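K.L.:
Got a predicted model here, sequence first, then my questions.
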Amino acid sequence: MTEQEAYRIIKPLIEGDTEGLYWDFKRTLHDTADIIKDILAFSNSSYNGDSYIIVGVSESNSQKNKIKLTKRIEKTLLDETNNEIMVLILTLSDLKDIIKDIPKEFGDNNVKYKYDVLFLIDPLKPRDIMSQIKIMEGEDKIYEGKKALYVKRLVEKLTGSYIVKALNVSQNITVRNLNTTKKLYELMLERKSSSVTPHSTA
């Protein structure tokens, strides 16, 4: 591949400000574990063409736009309803990170367990919740990710879960089950891939 060919392929991906089905941004190559996760995600995706890890690029513009949009929506809701409603906006990159952090074997037994993903609204961070929740030994299991928490609970004892009681007092958490989370990611990938024409190199 020539430099001109690489530029033609990479330029529209960078201009899109966010990662997608077959490309990922990395500010540096220092985090080997994260790079391995990206490569595995590429190999397990439905896309059969070339994939790219683009080094020296971040999603700073996308994140700034997300913050501005969040504040605008919250202000509109306050004006219209006279209630302070907290809004959580996730970029494709956010969801991609959340999917990559799903623990091994999480979601393997839907008959016995309920699997949920806890999305946290700024300024709340996963470590803040991990330090507050008391685990019911042998019943609940909670895993900490970089941008979300992953909860496994026995279906037959959902109402008695300590995790449920902890969540009831926090307005900075929104919960979706694992299947819904994966579906949201798939829909965002489909939308993104349809807006960018894939390139391949012979």
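P.N.:
Looks like it came in fine. No experiment lies behind these values; they were computed from the predicted model shown.

K.L.:
Compute the number of surrounding residues for I39.
P.N.:
I39 is flanked by 12 other residues according to other CB atoms under 10 Å. Just so you know, the C-beta spots here come from the backbone N, C-alpha and C atoms, and that holds for glycine as well.

K.L.:
What sits closest to it if chain neighbours are left out?
P.N.:
In space, and not counting its chain neighbours, I39 is closest to I53: 7.8 Å by CB to CB, 6 or more residues apart in numbering.

K.L.:
So that neighbour: helix, strand or coil?
P.N.:
Assigned by DSSP: H, G, I helix; E, B strand; the rest coil, the conformation of I53 is strand.

K.L.:
Spit out the contact partners of it.
P.N.:
By CB atoms under 8 Å, 6 or more residues apart in numbering, the residues touching I53 are 23-24, 26, 35, 38-39.

K.L.:
Now the element after the helix or strand of the chain with the lowest mean pLDDT, going C-ward?
P.N.:
For the chain, scoring each helix and strand by mean pLDDT, DSSP states H and E identifies helix 162-167 as the least confident one, at a mean of 59. Downstream of helix 162-167, the next assigned helix or strand under DSSP states H and E is strand 173-177.

K.L.:
Can you give me the buried ones in that next one?
P.N.:
For strand 173-177, a neighbour-count test (16 or more other CB atoms under 10 Å) marks I173 as buried.

K.L.:
for it, packing partners?
P.N.:
Applying 3 or more CB pairs under 8 Å, 6 or more residues apart in numbering; DSSP states H and E, we find strand 173-177 packed against strand 113-120.

K.L.:
Just the buried residues of the strand it packs on, please?
P.N.:
113, 115-120.

K.L.:
how near is the residue nearest in space to the middle of the chain to K11?
P.N.:
Residue closest to the average C-alpha location in the chain (CA atoms, centre = their mean): L95, at 2.1 Å. For L95, the distance to K11 equals 24 Å [CB to CB, to the nearest Å].

K.L.:
What strand or helix carries K141?
P.N.:
Going by DSSP H and E, K141 is part of strand 140-144.

K.L.:
Name every strand pairing with that strand and say which way it goes.
P.N.:
Partners of strand 140-144 in the sheet, by DSSP bridges, are strand 148-154 (antiparallel).

K.L.:
which stretches of the protein have low pLDDT?
P.N.:
Flagging of the chain using pLDDT under 70 yields the residue ranges 14-21, 45-47, 57-64, 134-138, 160-170, 193-202.
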